[in-house]
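Q: I'll drop the sequence and a predicted model, then ask my questions.
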Amino acid sequence: MLSKVFRGTGPGVIFVIIVTLILLWLSAFIDPGTQAATIYESEPMPLYVIMKLMTGANVHAGLIFTFLLLIFVLFLLVNFNTSVFFLGERTFFPAILYVLFSALLPFLQVRNPVLPAIVFLMLALKRIMESYRKPGTAFNFFDAAIFISTGSLFYANLIWFGVLVFIGIVLLRSGNIIEIISSLIGLATPYILLFGIYYVLGKDLEILISGIKENLFTALPEVSFTRIEIVVLVFTGLMILVSIVFLLQHIHTRKIKSRKTFYLLLWVFVISVVLYIVLPSASAEMLWIGSIPLTYILSHYFLFVRKKIIPEIFFTGFFLLIFLIQAFRIF
């Protein structure tokens, strides 16, 4: 069975994941996609401007940088479970699932501001969970808020995930007013520094404010999906629905820290979906963020469901359909 290949923790599993990642991103390097006509490309956030300057106009340089960022995100995904240990098993399942999600929509396999923002989101989630049962005032939430706010200087819509800091306070703490205030200060700090730098350099603050507003509220062009992409999205949606139901049915059997971690991850998914539906500036790129909690929810399903036939069908079908999408892109 295909899913058994990825259940181990040895070097062989890492090798298979790397090979899968290369194969699924091969088409992006053979036939690089064009940057979408989005506001975050025409009016990029400050840190994304620096990223674009680093990679320049060379499409392949941007792809290589994105590919390396993706590898780092895979490391963070595995490390998050290893450090918090909420799945109950050391596994590379989240990594392979994120690899598959990264290739689900080929037009997203380009340089983008979301992946660097995700690095900061993952660091924030880890800091939030490190506050569990920490005595006294936990300044982890201040750190988490700074991480999320800094990430939003790549991808502006990440700032909405600042609500996760306060959700974390409710889930893990007794609502210490100092932690709430410090979290608000943490969210504001990167922007205070940014405005200070602009002021010292004599740059136009109105242009900066206007650019931030446009990134947050300007509608993006409508995305059209191919027939095969629609089929895969429907299949993936069904798989996700089953895994969420399974998690909610069995979450009471998990340890307290595991339950709280899954609740926090569910909030990441809910916020991603709400932003995609409600916010005109959020589009298909939200898949990058929404896939983070899904990798753990699906991993929980594939690892712990007793009857393995249906999950094996789901995983094998998902795996093959992603490769089919990439094959259609090449041929």
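A: In hand now; what should we look at? Numbers count the residues shown, from 1 in each chain.
Q: tell me the contacts of I212?
A: M45, A156 (C-beta atoms under 8 Å, 6 or more residues apart in numbering). Placement of C-beta: from N, CA and C, glycine included.
Q: how far is the helix or strand where it lies from where the chain is centred?
A: Taking DSSP states H and E as the definition, I212 sits inside helix 205-217. Put simply, helix 205-217 sits 24 Å off its chain's centre (C-alpha atoms, centre = their mean, to the nearest Å).
Q: list the buried residues in it.
A: L208, G211, I212, N215, L216 (16 or more other C-beta atoms under 10 Å).
Q: pretty sure the fourth one is touching N157, no?
A: This means N215. Yes - between N215 and N157 there is a contact at 7.5 Å, judged by C-beta atoms under 8 Å.
Q: quick one on the thing from earlier: and the next element down the chain from the helix holding I212?
A: That would be, after helix 205-217 and using DSSP H and E, helix 227-250.
Q: quick check: mean pLDDT across that next one?
A: Over the span of helix 227-250, the pLDDT mean works out to 96.
Q: try stretch 291-303
A: On average, stretch 291-303 scores 97.
Q: can you name the residues in contact with it?
A: If you take C-beta under 8 Å, 6+ apart as the criterion, stretch 291-303 is touched by 3, 7, 77, 81, 86-89, 91, 93-95, 97-98, 101-102, 118, 121-122, 239-240, 242-244, 246-247, 262, 265-266, 268-269, 272, 311, 314-315.
Q: for the stretch 1-150 of the chain, what spans make up the strands?
A: Counting by DSSP state E, counting those that start in this stretch, the stretch 1-150 of the chain has no strands at all.
Q: so, low pLDDT: which residues of it?
A: Within the stretch 1-150 of the chain, the ranges that satisfy pLDDT under 70 run 1, 35-37, 137.
Q: can you map out the helices along it?
A: Using DSSP state H, counting those that start in this stretch, the helices found in the stretch 1-150 of the chain span residues 2-5, 11-30, 39-42, 46-55, 59-84, 93-102, 114-129, 140-151.
Q: for stretch 19-27, buried residues please.
A: Buried, per 16+ other C-beta under 10 Å, within stretch 19-27: T20, L21, L24, W25, S27.
Q: whoops, I mixed them up, stretch 187-197
A: L187, P190, Y191, L194.
Q: tell me which helix or strand the third one sits in.
A: Spelled out, that is Y191. helix 177-201.
Q: what angle sits between that helix and helix 46-55?
A: 50 degrees (axes from the mean of the first three to the mean of the last three C-alpha atoms, to 10 degrees).
Q: picking up where we left off before, which of the buried residues of helix 205-217 sit farthest apart?
A: Farthest pair in the buried residues of helix 205-217 (C-beta to C-beta) is L208 and L216. Separation: 12.8 Å.
Q: centroid-nearest residue for this structure?
A: I289 (2.9 Å; C-alpha atoms, centre = their mean).
Q: quick one: which helix or strand includes it?
A: Per DSSP H and E: helix 286-304 holds I289.
Q: how far off centre is that helix?
A: That offset, for helix 286-304, works out to 10 Å (C-alpha atoms, centre = their mean).
Q: show me which residues of that helix are buried.
A: Those would be 286-302, 304, for helix 286-304 by 16+ other C-beta under 10 Å.
Q: distance check, the residue sitting furthest away from the middle of the chain against L47.
A: Outermost residue of the chain with respect to the C-alpha centroid, by C-alpha atoms, centre = their mean, is G202; its distance is 35.1 Å. Distance, G202 to L47, using C-beta to C-beta, to the nearest Å: 20 Å.
Q: list the residues that contact Y40.
A: Y40 neighbours (C-beta under 8 Å, 6+ apart): Y48, N112, P113, Y155, A156, N215.
Q: redo the residues you listed as TSV? Include distance to I146.
A: Below are these laid out as TSV (distance: C-beta to C-beta, whole Å):
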residue	distance to I146
Y48	18
N112	22
P113	18
Y155	16
A156	16
N215	19
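Q: of those, closest to L63?
A: Among the contacts of Y40, and counting by C-beta to C-beta, the member closest to L63 is N112, at 10.6 Å.
Q: run a quick neighbour tally on the residue lying closest to the closest one once chain neighbours are set aside.
A: Ranked by C-beta to C-beta, 6 or more residues apart in numbering and with sequence neighbours excluded, the top spatial neighbour of N112 is E285, at 6.2 Å. Neighbours of E285 under the rule other C-beta atoms under 10 Å: 24.
Q: and the gap between E285 and T9?
A: 31 Å.
Q: what do you get for R127?
A: From R127 to T9 the distance is 25 Å (C-beta to C-beta).
Q: neighbour count: these two, which is higher?
A: A direct count of neighbours by other C-beta under 10 Å for R127 and T9 places R127 higher, at 22 against 14.
Q: isn't that one right up against F147?
A: Yes - counting by C-beta under 8 Å, F147 is a contact partner of R127 at 6.7 Å.
Q: so what pLDDT did S174 get?
A: Predicted confidence (pLDDT) for S174: 76.
Q: that one in helix, strand or coil?
A: coil (DSSP: H, G, I helix; E, B strand; the rest coil).
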